[in-house]
Every structure is written in C-alpha cells, then in structure tokens.
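**Q** Here's my sequence, what's the structure:
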Amino acid sequence: MSRSDQLAENMALVREKLRQARRIVVLTGAGISAESGVPTFRGAGGLWREYRATDLATPEAFARNPRLVWEFYNYRREVLASVKPNVAHKALVTLENRTPDFVLLTQNIDGLHQAAGSRAVVELHGNIWWVRCPQCGRRSEDRRVPIPYPPHCDACGAMVRPDVVWFGESLDAHVLQTAYAKLGQCDVMVVIGTSGVVQPAASMGLYAQEHGAFVVEVNLEPTPYSRAFNVSLLGKAGDLVPRLVQDSGEPS
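**A** Residues are numbered from 1 along each chain as shown. Below is the predicted model of the structure:
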C-alpha cells in the first residue's frame, strides 16, 4: 500500500472513530501554535538575546534577576499580541461543539484556543496572559503589552510573576487530577503537535490508551510514542485536523 493510500485509510478510520465517540480528549503542544507563527523558544535557534528559555523560565532565574525574566516574558507577549488562531484551532472548536463530553488539554500558554472559541480548555502549563502572586497566591488576567516593571499584586503589594509552570516546577495538582479523570474515561484521544518529550503530557496518550481509548497522533514528525498509538498521522495540523473534523459528522 502506498503512503498516500495508507494516509487515506487512516484518515477514514479516525473520522469514523470521532463520529462515534461520545467522550473526546484532545492534547495540543507547540506544533499547533507554530502554524500561527508562535516561536517555540526551545531547541535549536531558540535564543532570546544570548539566553535560552530554559535558563530564564525558572524560579531561580526569577529570584536572581526578575527584571530580566519579565523582559523576556514581555517580549513573548509582544510577539503573541498580533498572533491569531489558525484553522486547526478553529476545527477543534467545531469538534467541541458537537461532542457531548469534550476537553482540550494544552501545553501551550498562548491562549490561542480560547481566542478561537474553545471553552473546555485545561491549561497544563498556565497562561502567559495571567499573573500570579508568589506571596498571597492571587491570580489575575493582565493583557498589558508590555507590563510595566515591577508589576505588583493588587492584594498584597508583592511582585507578581507570569502564571506559567516553569522548568523545575510541578504542575498544579488540581489541573492534573482533572486531566487524568478525563483521560481515563474518553473514547478517543487526539494528540496534536507535541514532541512527546515533556512529561507528564508526553505519556498521557499511553494512559488514555491503557484505559481503553483509541489514540491518534497528528504531528510533523514521528515521536517516541508514534508506534504505540493506534494511528499516527504525519503532516501539518492545519492540513489534517480540519479534514478529520469536517468529515467526521455528528455522533450517532
């Protein structure tokens, strides 16, 4: 069977699974946002000035030089301010609207899913448009670009930080509990644009599969989990996801 025939067969299978599913979980990573022009800030070429994101997105960096960290995040906010959701983001809104039980887990902090119209979004790594006070724990939305330095908590006056999960930090326990509850119950899981190397998100597909879900991966390149999942579709999310959703029809 040719590669194009195999793709067509797999696409048809996934469309049918989505049509029949009552409970769907989608997990998205940097790949879906990259198609809107969002830089990944990680890997080769992922430098801001002479710094790597992995050196700045840490509690230690914020404690050592909060002004530098805020300059980095203000730069990222400036980049994101003009970025729009793409057709893959919008296709997931369509899928949500016709699925009885749907949740969208995302590793992305850019808020593009909500901008597209998604409602059932669980942000595993936080949101760059929100700030959090390390002193009193207060969270609030702040869309100023840039945020004047130093940004202070309205409640207690302490300096706030971006409300994102930094390297070396654990994910919020309630967020994880919500995610795994949905993963353990879903009929179909679609993993889109993830590298399969950042835990715990990387192994969520296997968790869903172990609990009976049909798991589909959509990514530009194979990941460490491609062979384990039921179907791996190689290509751009903007090309594949709308085709999967558009033709899958209403649930039976």
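**Q** Buried ones in the host helix or strand of residue 104, by neighbour count?
**A** Assigning secondary structure by DSSP states H and E places residue 104 in strand 101-106. Using 16 or more other Cβ atoms under 10 Å as the burial criterion, the residues of strand 101-106 that qualify are 102-106. In this view, the C-beta of every residue, glycine as well, is placed from N, C-alpha and C.
**Q** If you average the pLDDT over it, what comes out?
**A** Here strand 101-106 scores 98 as its mean pLDDT.
**Q** for it, packing partners?
**A** strand 23-28, helix 87-97, strand 121-123, helix 173-183 (3 or more Cβ pairs under 8 Å, 6 or more residues apart in numbering; DSSP states H and E).
**Q** can you state the direction angle for that strand and helix 87-97?
**A** Relative orientation of strand 101-106 versus helix 87-97 (axes from the mean of the first three to the mean of the last three Cα atoms, to 10 degrees): 150 degrees.
**Q** what is the orientation angle of strand 101-106 with helix 173-183?
**A** Going by the same axes, to 10 degrees, strand 101-106 makes 130 degrees with helix 173-183.
**Q** What strands line up against strand 101-106, and which way round?
**A** If you go by DSSP bridges, strand 101-106 pairs up with strand 23-28 (parallel), strand 121-123 (parallel).
**Q** residues near residue 49, how many?
**A** By the measure other Cβ atoms under 10 Å, the count of residues near residue 49 is 9.
**Q** Likewise for residue 58?
**A** Neighbours of residue 58 (other Cβ under 10 Å): 16.
**Q** list the contacts for it?
**A** 166-168 (Cβ atoms under 8 Å, 6 or more residues apart in numbering).
**Q** again, only using 10 Å
**A** 64, 69, 166-169 (Cβ atoms under 10 Å, 6 or more residues apart in numbering).
**Q** same check, this time on residue 199
**A** Counting by Cβ under 10 Å, 6+ apart, residue 199 has contacts residue 171.
**Q** Kindly confirm my reading that it forms part of a helix.
**A** No. Counting by DSSP: H, G, I helix; E, B strand; the rest coil, residue 199 is located in no helix; its state is coil.
**Q** so how far is residue 107 from it?
**A** 11 Å (Cβ to Cβ, to the nearest Å).
**Q** picking that back up, from the strands paired with strand 101-106, which stretch is densest packed?
**A** strand 23-28 (a mean of 25; mean count of other Cβ atoms under 10 Å).
**Q** ok, the closest residue to residue 246 other than its chain neighbours - contacts?
**A** Excluding the flanking residues, the one nearest residue 246 by Cβ to Cβ, 6 or more residues apart in numbering is residue 91, at 7.2 Å. Contact analysis of residue 91 by Cβ under 10 Å, 6+ apart lists 116, 237-238, 240-246.
**Q** what pLDDT does residue 91 get?
**A** 98.
**Q** just to revisit the earlier point, buried ones among the contacts of residue 91?
**A** Of these, these count as buried by 16+ other Cβ under 10 Å: 116, 237-238, 240-242, 244-245.
**Q** Report the separation between the two terminal residues of stretch 50-63.
**A** Stretch 50-63 has its terminal residues 19 Å apart, counting by Cα to Cα, to the nearest Å.
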